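Peer 1: Need a 3D model of the sequence below.
(one chain, ligands or ions: 1)
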Amino acid sequence: MKHSLLTLLLASGAWASMQAQEIPLVNNIYGRQNTITLNGAWDYIVDVQERGFYDYRMNETRWGFFLDQHQKDKQELVEYNFDTSPKMNVPGDWNTQDEQLFFYEGTVWLRRNFDYSPTPGKRTVLYFGAVNYEAIVYVNGQKMGKHVGGFTPFNFDITSALKEGKNNVIVKVDNKRTREQIPTNIYDWWNYGGITRDVLLTEVDETYVEDYSLQLDKQDWKHLTGWVKLNNKVAGEKVSVNIPELKVKTEVVTDNEGRAEISVKAKPTLWSPENPKLYNVSIARGEEIISDEIGFRCIETQGKQILLNGQPIFMRGISLHEEAPFGGGRTTHVSQSRTLLEWAKELNCNYVRMAHYPHSELEVREAEKMGIMVWDEIPVYWTIAWENQETYANAERQLHDMINRDKNRAAVVIWSIANETPHSDPRDKFLSSLAKYARTQDNSRLISMAMEVTSANNYHNKLNDNMHEYVDVVSFNQYVGWYRDVNDASKMTWEVPYNKPVIVSEFGGGARYGLHADKDTRWSEEFQENLYIENLKMLDKIEGLAGLSPWILKDFRSPARYLPDVQDYYNRKGLVSEQGQKKLSFYVMQQYYKEKSEANKK
Ligand code: GCB
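Peer 2: Below is the predicted model of the structure:
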C-alpha cells in the first residue's frame, strides 16, 4: 500500500496536532448561539486489547480504528466495521446499555457520523460534558487530542478537520482504573465508562467571549463585580453586560490581555433556598450573545457559624451520587437529576453534597433553580499516589475545571478537595497545595474536605488533622452504628478543637428496603432507623455543628458490595432504595430537618 506524505501525516496525528487542539473551556455552552447536539445513537466497538490503537509491537498505530476504514475491494483486509457494529446512546454509560459490559473496564471506540456545513469565517468547537475516564478524540481521522479525568467538560477547536457534508467523530474511551489516577484504583462506586454527558458542537467567531464571571461583591452588596475574557489577547473589544430586571446595562472594553473588569451598581434580591432568585443575564460582543441565569448571594463563616447573606444557616444536607433515580446507571438527563433533588427537597434539605466527583453542570443548575445549596467535590478519594507529581497535576486540573465551570453558580457554596484521606506528610503537602490553589481560583466560596476522625480514645473523638488550617469548614465522616456498635453512640463525645463551623459530611448505615425485623437485625429498615435516631442525638451535641450530609440519598451501585440477596452490588445506605422507595430512616431525617428548619427561622 502506498501513502502520500499528507496521508501519513494525517494518520500519524502529527498534522492534526499542528492544527487542532484542546482549547480552554468555552464556558456556559448551554447559553451559546449556534449550538447543535451530537447526542444520540453512536456505533461502538469493544476493544479489549486496544488493537485499534496499538500495533502488535505496542506502538500507537497509524492505521487505527479512528480511520474508520471500509473495505474498498473484495480482497482488502479490514477487521472492524463501525457501520455494522452495535449502537449505544450518548450520553450514557456502557455498563447499563450492554449486558456484556456490566463489569467492563477498558477501551470502547464510539463513532458518530454527522452532516455539517461549516460557516465561513467561523470556528467550530466540539464539546464533551464528560467522558469517563480517558478520551482520545478524532475528527475525520485526525487526532484532536486526549483528555484525562472522568467528570469535567473539555472541548477542541475542530475547524481544520471539518469538511462540507459528511463528517465523523470517533472517540476512544478508556475507563481502566490505575493507581496513579484521580480517583485511584479503589473506590466505593461504579466505574461507569463511556461518554456520559452531552456532546455539542458550537460555532464561534475567530475572537469570542471565552469566559466570564459575575457575582455579588462580598464587601458591598449593592455592587456586582466580575470580568469577561476573550479567547484571544485582543484589546479594544466592546462587551456589554445586561441584566434587564436590575436595569443593569454596562459596556466594558478589553485590555491587551483580552480581558475586562466588570463593576456595576445593582441591588439584587439575594439568592437563598427560600427564594432562589436568578436573573437573566446576557453578555454580548457585537452579534455574539451568551445568555445565563445568575443568582447573587454571600456565603462566609464567622467563628463556628456559616452565614448565608449574613444570617446563620444550618446546612440541612444529604449526600448523593450522580446515578439515575430508578435502577442504576449514570444520570443522563436533567429530569433524572430533578427527581433526585425533589427527594432531597421532600427530606426538607436546603443543601446537597454532590459526592465524590463533579456532577453534571445541568444537575448543579437544577439544584440552583430549586433553592438547594451545593457542595462540589473532586475525586481525591482514599489513598491517592500523593508523591506522584502527575497525579497532583491531574487533581489540580480537575479542581480547576470544576471551579471554572461552576464559578457563576450561586448554589455552589463549598469546594471540597478530598474525601477520607489517610494522614501523612506527602498527603498534607498535596492537599494543602490543592487548597491554596482553590483560593487562587475563587475567593468567594468556602473550602472544605471530608476528613476522618483518628482519635486514640475510644469514646472521646477529637478531630486532629493538619489540614484544619487550610479549610473554612471542618467536615468529617463517621460511622458509629455501622462500622462500630450503635450502642456506643450515647457514650461518644466529639471535640473539634478549631474555631470553624463543623459539617458531618457522612454518617449512616445500610438497609434493604422492605426488610423488616427488630432494630438489632442488620440490614433491616428498623436497624437503619435506629442508627439514624441514635446518631442524630449524638451529633446534635457537637459544638459548632453547622450542617449534615448523611450517607446517602439513594442506594447506589458499587462493585465492592457483594452480599447476595441483600446488596447485589448496591451500597444499601440509601434513605431510599434504588427504585425510589422510602425507607423508615427517610422519615427520621425528614422530621429532624423540619425541626432544624423551624429553629433556623426563629
Ligand atoms: C465512606 C465513603 C463513601 C462510602 C461509605 C460507605 O466513608 O466516603 O464513599 O460509600 O463510606 O458506605 O462505606
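
Peer 1: anything in stretch 467-486 sitting right up against the ligand?
Peer 2: Yes - with CB under 6 Å from any ligand atom as the threshold, stretch 467-486 lies in contact with the ligand, specifically through Asn477. Placement of C-beta: from N, CA and C, glycine included.

Peer 1: Asn388: what's it in contact with?
Peer 2: By CB atoms under 8 Å, 6 or more residues apart in numbering, the residues touching Asn388 are Glu180.

Peer 1: What is the burial count for Glu105?
Peer 2: Glu105 has 14 neighbouring residues, counting by other CB atoms under 10 Å.

Peer 1: Actually, Glu595.
Peer 2: A count of neighbours around Glu595, defined by other CB under 10 Å, yields 10.

Peer 1: check which helix or strand covers it.
Peer 2: Here Glu595, judged by DSSP states H and E, is contained in helix 584-601.

Peer 1: contacts for that helix?
Peer 2: Outside helix 584-601, the residues touching it (CB under 8 Å, 6+ apart) are 312-314, 316, 318, 346-350, 508, 511, 525-526, 528-529, 531-533, 536, 550, 575-576.

Peer 1: hmm, which of the residues you listed are the buried ones?
Peer 2: Burial by neighbour count, judged by 16 or more other CB atoms under 10 Å, picks out 313-314, 316, 318, 347-350, 508, 511, 525-526, 528-529, 531-533, 536, 550, 575-576 from the contacts of helix 584-601.

Peer 1: Looking at the residues you listed, which are in helices?
Peer 2: Restricting the buried ones among the contacts of helix 584-601 to those inside helices, with DSSP state H as the criterion, leaves 525-526, 528-529, 531-533, 536.

Peer 1: and the residue of the stretch 451-600 of the chain found nearest the ligand, what does it touch?
Peer 2: In the stretch 451-600 of the chain, the residue found nearest to the ligand is Asn477; the distance is 4.6 Å by CB to the nearest ligand atom. Remark: with contacts taken as CB under 8 Å, 6+ apart, Asn477 is in contact with 419-420, 450-452, 504-507, 551.

Peer 1: In strands only, show me those residues.
Peer 2: Taking DSSP state E as the definition of strands, the contacts of Asn477 contribute 419, 450-452, 504-506.

Peer 1: most neighbours, which of these?
Peer 2: Top of those by neighbour count (other CB under 10 Å): Ser505, with 30 neighbours.

Peer 1: That one and Leu548, how far apart?
Peer 2: 8 Å (CB to CB, to the nearest Å).

Peer 1: Could you report the neighbour count for Gly193?
Peer 2: Other residues lying near Gly193 total 24 when counted by other CB under 10 Å.

Peer 1: Assess the claim that it and Tyr133 are in contact.
Peer 2: Yes - shown here, Gly193 and Tyr133 form a contact pair, counting by CB atoms under 8 Å, at 7.4 Å.

Peer 1: Tell me which residue in the stretch 1-150 of the chain sits closest to the ligand.
Peer 2: Closest contact between the stretch 1-150 of the chain and the ligand, by CB to the nearest ligand atom, is at Gly150 (15.8 Å).

Peer 1: Mind telling me what element the nearest residue in space to Asp255 that is not next to it in sequence is part of?
Peer 2: With CB to CB, 6 or more residues apart in numbering as the measure, Ala235 is the residue that lies nearest to Asp255, at 5.8 Å, once sequence neighbours are left out. Following DSSP H and E, one finds Ala235 outside all helices and strands.

Peer 1: Could you measure from Ala235 over to the ligand?
Peer 2: When distance is defined by CB to the nearest ligand atom, to the nearest Å, Ala235 is 48 Å away from the ligand.

Peer 1: show me the contacts for that residue.
Peer 2: Contacts for Ala235 (CB under 8 Å, 6+ apart) come out as 254-256, 258.

Peer 1: and which of those residues is nearest the ligand?
Peer 2: Top of the list for closeness to the ligand, among the contacts of Ala235 and by CB to the nearest ligand atom, is Gly258 at 41.5 Å.

Peer 1: Assess the claim that that closest one and Val239 are in contact.
Peer 2: No - between Gly258 and Val239 there is no contact, the gap being 10.2 Å when judged by CB under 8 Å.

Peer 1: OK, now which residue of the chain is nearest to the ligand?
Peer 2: Here the residue of the chain nearest the ligand is Asp188; by CB to the nearest ligand atom that distance is 3.7 Å.

Peer 1: So what's the residue count around that residue?
Peer 2: By the other CB under 10 Å criterion, the neighbourhood of Asp188 contains 17 residues.

Peer 1: Name the residues of this protein found near the ligand, please.
Peer 2: Within reach of the ligand by CB under 6 Å from any ligand atom, the chain has these residues: 188, 356, 419-420, 477, 506, 551, 571, 573.

Peer 1: ok, now with 8 Å
Peer 2: Within the chain, the positions lying close to the ligand (CB under 8 Å from any ligand atom) are 187-189, 355-356, 381, 419-420, 450, 477, 479, 482-483, 506, 508, 510, 551-552, 556, 558, 571, 573.

Peer 1: which of those are buried?
Peer 2: Among those, those classed as buried by neighbour count (16+ other CB under 10 Å) are 187-189, 355-356, 381, 419-420, 450, 477, 482, 506, 508, 510, 551-552, 556, 558, 571, 573.

Peer 1: Quick check, pLDDT for Tyr483.
Peer 2: With respect to pLDDT, Tyr483 has a value of 89.

Peer 1: who are the neighbours in contact with it?
Peer 2: Contacts for Tyr483 were tallied using CB under 8 Å, 6+ apart; there are none.

Peer 1: Tell me the spacing between it and Pro24.
Peer 2: The separation that Tyr483 has from Pro24, given CB to CB, amounts to 43 Å.

Peer 1: what do you get for Asp47?
Peer 2: 31 Å.

Peer 1: The two: which is more packed in?
Peer 2: When Asp47 and Pro24 are compared for neighbours, Asp47 comes out ahead with 20 against 12, by other CB under 10 Å.

Peer 1: If I follow the layout properly, that one ends up in contact with Gly106?
Peer 2: Yes - A contact is recorded between Asp47 and Gly106 when judged using CB under 8 Å, the distance being 7.4 Å.
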